[in-house]
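K.L.:
predicted model, plus sequence, below.
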Amino acid sequence: MDRADGPGALDALFGTLRRRPDVEAPNLFAVDAADRLILDEADDALSAAPAGSVVVIGDHYGALTLGAAVRHGATGIRVHQDPLTGELALAANARDTLRDGCYRTLPLGTTLVEGARVVLLQVPRSLAELAEGAETIARAADPEVVVYAGGRDKHMTLAMNDVLGRSFEHVRPSRGRQKARVLVASGPVPGPATYPVTEYVADIDLTVVAHGAVFAGATLDIGTRFLLEHLPAPSPQVRTAVDLGCGSGILAVSLARRHPELVVTATDQSAAAVASAAATAAANGVADRVRTLRDDAMSTLPDASVDLVVCNPPFHVGAAVHTGGARKMFEAAGRVLRPGGELWTVFNTHLGYRSALERLVGPTRHVARGPKFTVARSIVPIPD
């Protein structure tokens, strides 16, 4: 590839990028120092890469994909973003910059990385997610592939070198810049797939299946455990339920197993979570009553269409501690629940979400409250 635009082109591009539909706030950014450093470290490799041989994994909002297109005229870029909000933000930013024809979105797998010569990767917070991505690249990419895996210093650990080292012969760190650094991996060592993982959780008599990007993997996190301990049987008229932010599907599958009359939707913006929830439902014999949906906070579900929502919301947006994601989920629950419908949620006690739940859903009471977690029940008001 030849360099497409001058040195100021990236700055002009980055000045236009937005995060929407993800949460936008003064302390949340669409581009970070790691995006810039990854592109700079991969500059020569991108210039030499044949068309269609560039892959981008984990692009937050499009800086890497569109940066490669603007700086090098890259086309046929194959992109995988686990969060749906990242996909939608990239699509919107690509349209705004007239670059929507430069890439295509693919699931994590062979088609994504087959024959790839350059991989640009925003390092995820999860070592398991990094491992699954590295294994996938090593199995199917070109033997000469070079991976540029970058992130902010505060989110990177030496263990990431070891994870990449299991799938590549050579891993070297770049020089740091603006509190970011890049790990450059080459010499792929193909090996067997170790994801998704499957574990039997005896406490709840459930077989859990999880891809690398799923929160808590194939284990039962303590917040979900606390909610399950206090979740009562739904009233007889309840027929539809949603596990909002389903992760591996533990809440959805538990509801379906406990209450055969329920039809449950397990929904998450994470591609890995939706695939894991589907596999967990199948492993526990309830795939016929648990449907999966990749969606941004139930945006495609009709208003007043659901009887029950259960939710263990995140307290961060990406790597930043921020409650905007949880509030977005509460607002969505208030919209899709029928009058008299209930939201059951568990959250870190110190966050004090009760007032937000009252405002966005309806009358709320604390069902269980401990030093770490609170379980709350919110009811959508029935009009007079």
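P.N.:
Looks like it came in fine. Just so we're clear, the structure is a prediction, and the values are computed from it rather than from any experiment.

K.L.:
next structured bit after the longest strand seen in the chain?
P.N.:
Ordering each strand of the chain by length in residues (DSSP state E) puts strand 337-348 first. Using DSSP states H and E, the helix or strand that follows strand 337-348 in sequence is helix 354-360.

K.L.:
what's next to that next one, contact-wise?
P.N.:
The set of residues that contact helix 354-360 without belonging to it, under CB atoms under 8 Å, 6 or more residues apart in numbering, is 326-327, 330-331, 333-334, 343, 345, 364, 366, 376, 378. In short, each C-beta sits where N, CA and C put it, glycine included.

K.L.:
which positions in the longest strand of the chain come out as buried?
P.N.:
By 16 or more other CB atoms under 10 Å, the buried positions in strand 337-348 come out as 337-338, 341-347.

K.L.:
which of the residues you listed lies closest to residue 36?
P.N.:
residue 347 (35.1 Å; CB to CB).

K.L.:
quick one: the closest one and residue 373 touch, right?
P.N.:
Yes: Residue 347 is in contact with residue 373 according to CB atoms under 8 Å; the separation is 7.0 Å.

K.L.:
shared neighbours of the two, anything?
P.N.:
The contact sets of residue 347 and residue 373 overlap at residue 223 (CB under 8 Å, 6+ apart).

K.L.:
next one: residue 19 from residue 298, what distance?
P.N.:
Distance, residue 19 to residue 298, using CB to CB, to the nearest Å: 19 Å.

K.L.:
and residue 230, by the same measure?
P.N.:
Taking CB to CB, one finds residue 230 at 23 Å from residue 298.

K.L.:
so for those two, which residue has more residues nearby?
P.N.:
A direct count of neighbours by other CB atoms under 10 Å for residue 230 and residue 298 places residue 298 higher, at 23 against 14.

K.L.:
isn't the more buried one right up against residue 331?
P.N.:
No: the pair residue 298 / residue 331 is not scored as a contact, 9.9 Å apart, by CB under 8 Å.

K.L.:
so where's the stretch 1-150 of the chain shaky on pLDDT?
P.N.:
For the stretch 1-150 of the chain, the stretches with pLDDT under 70 are 1-7.

K.L.:
one more time with 50
P.N.:
Scanning the stretch 1-150 of the chain with the threshold set as pLDDT under 50 gives 2.

K.L.:
what is the most widely separated pair among the contacts of helix 354-360?
P.N.:
Between any two of those (CB to CB), the greatest distance is 20.1 Å, for 331 and 366.

K.L.:
ok, the two, which is more surrounded?
P.N.:
residue 331 (15 against 11).

K.L.:
tell me the secondary structure at that one.
P.N.:
Here residue 331 is recorded as helix under DSSP: H, G, I helix; E, B strand; the rest coil.

K.L.:
which residue sits closest to it, ignoring its sequence neighbours?
P.N.:
When the adjacent residues along the chain are set aside, residue 331 lies closest to residue 360, with 4.7 Å between them (CB to CB, 6 or more residues apart in numbering).

K.L.:
what's the neighbour count on the one you found?
P.N.:
Neighbour number of residue 360 under other CB under 10 Å is 20.

K.L.:
which parts of the chain are helices?
P.N.:
Under the criterion DSSP state H, the chain contains helices at 9-14, 33-41, 43-48, 63-72, 84-96, 110-113, 127-140, 158-165, 222-230, 250-258, 271-283, 324-336, 354-360.
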